[in-house]
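Undergrad: coordinates only, no sequence provided:
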């Protein structure tokens, strides 16, 4: 499970609701969640600010989502 999935689950957010409230394109967000795309710096910043966590808590250096329990 990724940190993003965990945070969404805690807040009971769907990808659609997250995309609307965080101002991120739904298709882009779901592609990132599925691992098909890596997040651009702007998207990383928006998600980190939305969840009020540091970017490096959600993303690896290459923009892929960080798994929980992995460094």
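TA: Now that the structure is in, tell me what you want to look at. Here the structure is a predicted model, which means the values were calculated and not measured.

Undergrad: give me the helices and strands touching the lengthiest helix in the chain, please.
TA: The helix spanning the most residues in the chain, taking DSSP state H as the definition, is helix 41-51. Helices and strands touching helix 41-51, as assessed by 3 or more Cβ pairs under 8 Å, 6 or more residues apart in numbering; DSSP states H and E, comprise helix 15-22, helix 26-33, helix 55-58. All C-beta spots, glycine's among them, are computed from the backbone N, C-alpha and C.

Undergrad: could you rerun that using 10 Å?
TA: Contacting helix 41-51 under the criterion 3 or more Cβ pairs under 10 Å, 6 or more residues apart in numbering; DSSP states H and E are the following elements: helix 3-11, helix 15-22, helix 26-33, helix 55-58.

Undergrad: a markdown table please, covering these and showing distance to residue 39, mean neighbour count and mean pLDDT.
TA: Formatted as a markdown table, those follow (distance: least, Cβ to Cβ, whole Å; neighbours: other Cβ atoms under 10 Å; pLDDT from 0 to 100):
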| stretch | distance to residue 39 | mean neighbour count | mean pLDDT |
| --- | --- | --- | --- |
| helix 3-11 | 9 | 15 | 97 |
| helix 15-22 | 12 | 15 | 97 |
| helix 26-33 | 5 | 16 | 98 |
| helix 55-58 | 8 | 15 | 96 |
